[in-house]
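J.: Structure of the sequence below:
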Amino acid sequence: MNSKEISEKVEAGYIYFRTIIEVLGKPKEHVEETIKAYVKKIKEEKKIIVLKEDYSKPKEVEELFSVFVEIEALAKNSSEVVFFCFDYMPSSVEVIEPEEVHYNARDFSSFLNDLQAKLHNIDTALKQYRARNTLLIKNSAVLLRNIVIVLLEKKAKTQKEIAKRVGIPEDKMENVLKVMVKERIIKKKGNKYELR
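T.: Sure, this is the predicted structure:
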């Protein structure tokens, strides 16, 4: 689409915008495929016209791969840009044209209600995640204690020996052992731990 056609669409009420969408994960090939599938889905939207897409090269970030795509697009109206943001969670959005965007009261109310629904869903998901995470931490602590008890059933061991067998860094194992001593599950004799 050339600049004249874009201007005609904007005059007809379309919003011309630029957005960046990022994907983080691994392996590298999966991240590249995922972002292309994401853009394909956006192109299938009836109220969004993708004009241009520019993909970055995957970049390694702390054992994961990050890739982003910069998209220029036209949305049928301002509400569609908002819904695009809800659906695709871009990292940034820049309205290029028109210079001013107006909402009528009905559309603005709809936007606010959708925003509230989305925030409520995020809040619910976060609470569920926290509850699951708390349960997982609690269960992991119980499992770790049981492993230490089994390791010490036949023979006393040093912190280093226990950490090596459990597969936890020695400094982290120290905290676990201190708690178990305090709770009188195990005791320390010299540099070795044994069951009470």
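J.: Relative to V10, how far out is K188?
T.: Relative to V10, K188 is positioned 74 Å away (C-beta to C-beta, to the nearest Å). (Glycine included, C-beta is placed from N, CA and C.)
J.: Of all the residues in stretch 136-153, which ones are buried?
T.: By neighbour count, with 16 or more other C-beta atoms under 10 Å as the criterion, the buried positions of stretch 136-153 are 144-145, 147-148, 151-152.
J.: domain assignment for the protein?
T.: For the chain, the structural domains run 3-98, 137-195, going by automatic domain parsing.
J.: L119 is nearest to which of these?
T.: In this view, these are compared for proximity to L119 by C-beta to C-beta, and domain 3-98 is the closest at 10.5 Å.
J.: model confidence over that closest one, on average?
T.: Within the predicted structure, the mean pLDDT of domain 3-98 is 90.
J.: Between the two ends of it, how far is it?
T.: In domain 3-98, first residue to last residue: 13 Å (C-alpha to C-alpha, to the nearest Å).
J.: centre of the chain versus it, how much separation?
T.: Centroid separation for domain 3-98 versus its chain: 18 Å, with C-alpha atoms, centre = their mean, to the nearest Å.
J.: all helices for this protein, in order.
T.: Secondary structure of the chain (DSSP state H): helices at 3-11, 28-43, 78-88, 105-152, 159-166, 170-182.
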